[in-house]
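A.B. asks: Quick check, what structure comes out for this input:
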Amino acid sequence: MAKTDEATATAALGYEQARDELIDVVRRLEAGGTTLEDSLALWERGEELAKVCRHWLEGARARLDAALADPSEPSKA
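C.D. replies: Modelled structure (predicted):
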């Protein structure tokens, strides 16, 4: 798969998918036993996945902030 295809596929991941794959990447890095090249590839994949997670979380935060700031929404307190 080309780099742009990988980036598109990564960006299309849902939060839970990206989070679960990121957890797996971290486990593999922590376990060690991989070559330097493989470790770097895992690190880069982890960075991509972290960006996807951050994007989803920032979007969720913006939606929550907008909902809380909307005076037309009744308070559920």
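A.B. asks: What strand or helix carries residue 61?
C.D. replies: helix 36-69 (DSSP states H and E).
A.B. asks: for the chain, which spans come out with low pLDDT?
C.D. replies: The chain contains residues with pLDDT under 70 at 1-4, 6-7, 73-77.
A.B. asks: one step back: tell me what the helix holding residue 61 is packed against?
C.D. replies: helix 3-11, helix 15-31 (3 or more Cβ pairs under 8 Å, 6 or more residues apart in numbering; DSSP states H and E). In this view, the C-beta of every residue, glycine as well, is placed from N, C-alpha and C.
A.B. asks: Could you identify which of those is most buried?
C.D. replies: Among the helices and strands packed on helix 36-69, helix 15-31 has the highest mean neighbour count (mean count of other Cβ atoms under 10 Å), at a mean of 14.
A.B. asks: who's in contact with that one?
C.D. replies: With contact meaning Cβ atoms under 8 Å, 6 or more residues apart in numbering, helix 15-31 is reached by 10, 13, 34, 39, 42-43, 45-46, 49-50, 52-53, 56-57.
A.B. asks: how far away is the spatially most central residue of the chain from residue 69?
C.D. replies: Central residue of the chain (Cα atoms, centre = their mean): residue 53, 2.2 Å from the mean position. Distance, residue 53 to residue 69, by Cβ to Cβ, to the nearest Å: 24 Å.
A.B. asks: same deal with residue 47?
C.D. replies: 32 Å.
A.B. asks: same question, residue 38
C.D. replies: Distance from residue 38 to residue 69, by Cβ to Cβ: 46 Å.
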